[in-house]
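Asks: Sequence first, then the predicted structure, then my questions.
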Amino acid sequence: MATVPVVSLDLMGKVRDQINAHLYPVLATVATVFLGIGMISTLKANHKLGVIAEQAALFNSCVAVHLEENSNYVPDEVVSHCNGGPEPTAR
């Protein structure tokens, strides 16, 4: 019959103390690193959205200027022109 080794309570207490002393700080450090990575990703996405917002504002002002310039322009052609197409024609 195989004997099961008996672990003393003193040894288990020391192991528990080592886990409490080292595991929590390591987990906190890892969580802080992942939080930093997440913040950097968020800032990059925010910057990209800012660039898109600037482009949209320029596009909207282009459409508005052309429609104010001549209200007889076909709106679809104005949009095409602001995207780099040919000059719009009047209706």
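Replies: Sure thing, it's come through. Numbers count the residues shown, from 1 in each chain.
Asks: For the rest of this, base every contact and every neighbour count on C-alpha atoms.
Replies: Fine.
Asks: could you give me the average pLDDT of stretch 57-69?
Replies: Averaged across stretch 57-69, the pLDDT comes to 92.
Asks: likewise stretch 76-84?
Replies: 90.
Asks: Following the chain onward from the helix or strand where residue 64 lies, which element is next?
Replies: For residue 64, the host element (DSSP states H and E) is helix 9-69. Going down the chain from helix 9-69, the next helix or strand is helix 75-82, by DSSP H and E.
Asks: what angle do that following helix and helix 9-69 make?
Replies: Angle between the axes of helix 75-82 and helix 9-69 is 110 degrees (criterion: axes from the mean of the first three to the mean of the last three C-alpha atoms, to 10 degrees).
Asks: Please name every helix or strand in contact with helix 75-82.
Replies: helix 9-69 (3 or more C-alpha pairs under 8 Å, 6 or more residues apart in numbering; DSSP states H and E).
Asks: The helix it packs on packs against which elements?
Replies: If contacts are counted by 3+ C-alpha pairs under 8 Å, 6+ apart, helix 9-69 sits against helix 75-82.
Asks: How about the helix it packs on, which residues are buried there?
Replies: 75, 77-79, 81-82 (16 or more other C-alpha atoms under 10 Å).
Asks: Out of those residues, which two sit at the greatest distance?
Replies: 75 and 82 (10.6 Å; C-alpha to C-alpha).
Asks: pLDDT score for residue 42?
Replies: At residue 42, the model reports a pLDDT of 95.
Asks: Run a quick neighbour tally on it.
Replies: 12 (other C-alpha atoms under 10 Å).
Asks: And it, how far from residue 48?
Replies: 10 Å (C-alpha to C-alpha, to the nearest Å).
Asks: returning to that earlier point: out of the buried residues of helix 75-82, flag the one nearest to residue 37.
Replies: residue 82 (38.1 Å).
Asks: Surely the closest one touches residue 57?
Replies: No: using C-alpha atoms under 8 Å, residue 82 is not in contact with residue 57, being 11.8 Å away.
Asks: ok so, going back, in CSV, list the buried residues of helix 75-82 along with distance to residue 27.
Replies: Converted to CSV, the buried residues of helix 75-82 look like this (distance: C-alpha to C-alpha, whole Å):
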residue, distance to residue 27
75, 58
77, 59
78, 57
79, 54
81, 56
82, 53
